[in-house]
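Chemist: Pasting the sequence and the predicted model now:
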Amino acid sequence: MAWYLGIDTSNYTTSAALYDSESGAVRQQKRLLPVREGELGLRQSDAVFAHVKQLGALVEALFEAGPPPLAGVGVSVRPRDAEGSYMPCFLVGEAVAQSVGAACGAPLTRVSHQSGHIAAALFSAGRLDLIGERFAAFHLSGGTTECLIAEPSGPCGFTVRLFARSLDLKAGQAVDRVGGMLGLRFPAGRELERLAKESEKTYRVRPVMKGADCSLSGIENRCQKMKLDGEADCDIARYCLDSILAALCGMTEAVRARFGELPILYAGGVMSNSIIREAVTARYGGYFADPQFSSDNAAGVAILASRAGEGGMAC
């Protein structure tokens, strides 16, 4: 067996995973960062402290069955593959991964959180074979709402370039802000979905587009007005999700118009929402990760470390 350790310390979740490149087996441990009730996220200093408290116990639990010999260690060190992309919370994972790699004599692979999401989604969808081909990858989360074009390149098998994005609010931010407005705990994704499913309405929303890019800032304003007008919380939740869906469809139409019928992958925590996922599947098909591989996780980071290690290079 050839085991690779992956570590991801995002602004939402502490994650660690083991991936066996020979059998395809994955073991993972993850824990949401604690957020005080009524708050919509964490300051970076608080996120760093939470990761310091949580990561050691998660790695210990991951190795509970006995630590396998590591062929490599991977870690996410930045949110995206873009110049200037940086968040202090990733420093915790990088320090631990660097220490483990040095202690085990295992090579260290540094990747972006976003690339890890893409790799985890491909793995979950059974489409790791797409690495080495051109495909479109949507990543919708609290920090990112983008459509990327993945091209075969580099030791990890692909590089990405930005095709379309939200010009303002991110999809996950819209979910959490509307969820906070409705009294839901942060992160609000699961509870907002549950609430939206109680609605008997379906909203036909016209997305605000500028070329292939979208704008999501109007969602929060509209939901605030619906709340003031006394509309039901379940209908407000449904409107929020239908608005995100409309923007996602607008971006999907744009990427199809530009590139034709290329494979499309949908990843990120927002894409674990069953309402959005079922509607996109019905219209466009595409490939999706199971929820455990769509929300923040370290499995994709471990998978990329295996590809870099077996290619003999670092990403």
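Modeler: Cool, the structure landed.
Chemist: Give the closest residue to Phe293 in space, chain neighbours not counted.
Modeler: For Phe293, ignoring the flanking residues on the chain, the nearest one in space by Cβ to Cβ, 6 or more residues apart in numbering is Ser124 at 3.7 Å. Glycine gets a C-beta too; all of them are placed from N, C-alpha and C.
Chemist: The one you found contacts Pro291, correct?
Modeler: No - if you go by Cβ atoms under 8 Å, Ser124 and Pro291 don't touch, sitting 9.2 Å apart.
Chemist: For the residue nearest to Phe293, give me its contacts.
Modeler: Neighbouring residues of Ser124 by Cβ atoms under 8 Å, 6 or more residues apart in numbering: 288-290, 292-294.
Chemist: one more time with 7 Å, if that's ok
Modeler: For Ser124, the contact set (Cβ atoms under 7 Å, 6 or more residues apart in numbering) comprises 289-290, 293.
Chemist: At which residues are the strands of the stretch 151-300 of the chain located?
Modeler: 158-165, 208-210, 213-215, 264-267, 287-288 (DSSP state E, counting those that start in this stretch).
Chemist: Of those, give the one that comes closest to His117.
Modeler: His117 lies closest to strand 264-267 among the strands of the stretch 151-300 of the chain, at 4.6 Å (Cβ to Cβ).
Chemist: quick one on the thing from earlier: inside helices: which ones of the contacts of Ser124?
Modeler: Among those, the members falling in helices (DSSP state H) are Phe293.
Chemist: So which helix or strand of this protein has the lowest pLDDT on average?
Modeler: helix 291-294 (a mean of 86; mean pLDDT, DSSP states H and E).
Chemist: what's that helix in contact with?
Modeler: By Cβ under 7 Å, 6+ apart, helix 291-294 touches 120-121, 123-124, 267-269, 271-272, 288, 299.
Chemist: picking that back up, now do the residue nearest to Phe293, the pLDDT please.
Modeler: Ser124 carries a pLDDT value of 94.
Chemist: can you check Cys315 too?
Modeler: You'll see Cys315 listed with a pLDDT of 59.
Chemist: Gly309 too?
Modeler: Turning to Gly309, the model gives it a pLDDT of 83.
Chemist: count of neighbours near it?
Modeler: By other Cβ atoms under 10 Å, the residues close to Gly309 number 24.
Chemist: cool, Val111 as well?
Modeler: 27.
Chemist: in the stretch 101-250 of the chain, which spans are helices?
Modeler: For the stretch 101-250 of the chain, helices defined by DSSP state H, counting those that start in this stretch occupy the ranges 113-124, 171-181, 189-196, 217-228, 233-259.
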